[in-house]
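In: okay, predicted coordinates and the sequence, questions at the end:
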Amino acid sequence: MEDLKQRKTNMLMFPLGTIGRDMVYCLVTNFLLTYILFTKGLTQAQLAAITAIMVIARVFDALNDPIMGNIIENTKSRWGKFKPWLVIGMLLTSVVVYMVFSTKLTGWNFIILFGVFYFSFSIAYTMHDISYWGLVPALSSDAAARDQFTSKATLCAGIGGTLASIVIPMLTTGGMTIGGNASTAYAVIALIICILMPLFLLFTIFGVKERREEPANTEKTSGGLKKIVKTVKENDQLRWIAVIFLIQQVGNGLIVGGIGSTYIYFEYGYDGGLYSLFTTVGMSATAFLMIFYPTISKKMHRKPLMTLMAIISVIGYVLMLFSRPVPGTIGFWVLVIGYMLSNFGQYCYYLVMMISIINTVEYNEYKTGERDEAIIASVRPFFTKMASALIVVLTSASYMIFGVTNYTNQISDLESAAASGLMTEADKLTAISGVISGVERGQTLGMLIFMTVLPCALMLISYFLYKKKYTLDEAEYDRICKEIAAKKEA
């Protein structure tokens, strides 16, 4: 009875903790490049430098994420191995994120600060991200319970990310901008979100109690990189799902990584409300999956479900692509509905990938006798970050190819003039409309093709790889869990 009571408490407190975390993640991943483009003004060399910093930081994460997982795995404290790093990571993340979004620096001085920020953010976010998701296998080994923990956590993550996606563009772009200019608006938004993140994580820190059972092999996990490489090398299912997850995440993040908002501003007007509407409707269908995925997973196995979602996503991307010939408001709604369908399928893929990565913990225990929860948990955030770096590379490349910075630099100058009190907000918006009217149709068409055809192709590649290479399906996972239980009883 006590275990059931604690599980119910965990089921409530664990998901609540990630609402603020995902607001911060949305701010940095989806709006950092937009913030820089529309407030700092960049030369081609500076944009290339920012892209390089992000890529190098992610290569650094190639070592940092699994090493951090190994450190967490070996942490011994009265609060367990996860919660101390949750606290340290969340506080450091809040500080560095607010620092970069509130700075007045521009030019190369800003680029230097950005380099310090991005490496610091990579380290700090890794601490609490691995710790947070590493708790899932420590909360339950039951497949149905894990589906519930994961789906409810992703529901709360979706709530945080969606709220941020709605509020940030609405209050930083167009007529509702806080302070009348984007620089002030982003600083205020960042401060609020960086306060909310630790407040929400308090639910997890003080409300969740994890199981602290030792596996059959109780020797201390050691060996640093050697141990990490050994874990990944011996777990073929972990290797494949990591690669599949990376491909899917790159495609899934291209629209919200900056190019989607820029396309809408150039095509339909410099109004953050339009992009808020785009993301709100586009993500609304995912709420269905957030709530009902555990029920769906009981009635439909993952691979047939992915087939259905692939069809839905392809239809969505086709609608988005062909929204261009449709004029005005109707064309915008075709774009929005297309995004809703494509995002619905992609989000289901994300849930499937999450469960598939977590289930390799038992597969690892079955093959090696060691669970290595934190090390395996580090795979998902590592490849999420690698995907975000590749998204930045692809987005920056598209900006250079389609000449986006020629227009965003002019908008940045106008935003700076408004921030300095040299022009009114109304004059600023009128001038920005004039800048946008000069964008050529071929440039926006190229952006639309980039954010529809490429994500669709990457999604289909991940789909076919999953069906062929990931063999740890529901039946095989149940068999492995039964064999592990039998060995422990023996």
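Out: Cool, got the structure.
In: quick one: average pLDDT of stretch 79-90?
Out: Mean pLDDT, stretch 79-90: 85.
In: how far off centre is that stretch?
Out: Distance, stretch centre to chain centre, for stretch 79-90: 21 Å (CA atoms, centre = their mean, to the nearest Å).
In: can you map out the strands along the chain?
Out: When secondary structure is read from DSSP state E, the chain shows no strands.
In: give the residue spans of it that score low on pLDDT.
Out: Filtered on pLDDT under 70, the chain yields the residue ranges 1-3, 62-63, 140-144, 146-147, 211-228, 374.
In: can you count the residues close to residue 473?
Out: 13 (other CB atoms under 10 Å). C-betas here are computed from N, CA, C, even on glycine.
In: correct me if wrong: it contacts residue 301.
Out: Yes - look at residue 473 against residue 301 with CB atoms under 8 Å: they come within range, at 6.6 Å.
In: for the residue nearest to residue 352 when sequence neighbours are not counted, which residues are in contact?
Out: Excluding the flanking residues, the one nearest residue 352 by CB to CB, 6 or more residues apart in numbering is residue 302, at 5.0 Å. With contact taken as CB atoms under 8 Å, 6 or more residues apart in numbering, residue 302 is in contact with 352, 355-356, 473-474.
In: repeat for residue 65
Out: Counted by CB under 8 Å, 6+ apart, residue 65 has contacts 126, 130, 378-379, 381-382, 385.
In: same check on residue 91?
Out: By CB under 8 Å, 6+ apart, residue 91 lies in contact with residue 198.
In: quick revisit: so how far is residue 376 from the residue nearest to residue 352?
Out: 18 Å (CB to CB, to the nearest Å).
In: then residue 168?
Out: 32 Å.
In: looking at this structure, which residue lies furthest from center?
Out: residue 490 (42.3 Å; CA atoms, centre = their mean).
In: look up how far residue 483 lies from that one.
Out: From residue 490 over to residue 483 (counting by CB to CB), the distance is 11 Å.
In: same thing with residue 16?
Out: 35 Å.
In: residue 101 contacts residue 34, doesn't it?
Out: No - using CB under 8 Å, residue 101 makes no contact with residue 34, being 11.6 Å away.
In: can you list residues touching both of these two?
Out: Joint contacts of residue 101 and residue 34 (CB under 8 Å, 6+ apart) do not exist.
In: helices of the stretch 301-450 of the chain, start to end?
Out: Per DSSP state H, counting those that start in this stretch, the stretch 301-450 of the chain carries helices over the ranges 302-321, 328-358, 360-368, 373-377, 379-401, 405-419, 425-437, 441-450.
In: which helix of the protein spans the most residues?
Out: Of all the segments of type helix in the chain, defined by DSSP state H, the longest one is helix 107-139.
In: related to what we said a few turns ago, for the contacts of residue 65, give me a markdown table that also has neighbour count.
Out: Shown next, in a markdown table, are these (neighbours: other CB atoms under 10 Å):
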| residue | neighbour count |
| --- | --- |
| 126 | 25 |
| 130 | 31 |
| 378 | 30 |
| 379 | 26 |
| 381 | 21 |
| 382 | 25 |
| 385 | 25 |
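In: between those residues, which is nearest residue 197?
Out: residue 126 (14.8 Å; CB to CB).
In: measure the closest one to residue 93 for me?
Out: 10 Å.
In: and what of residue 67?
Out: In terms of CB to CB, residue 67 sits 18 Å off from residue 93.
In: so these two - more neighbours on which side?
Out: residue 93 (26 against 18).
In: ok, the more buried one - contacts?
Out: Going by CB under 8 Å, 6+ apart, residue 93 touches 24, 121, 124-125, 128, 194, 197.
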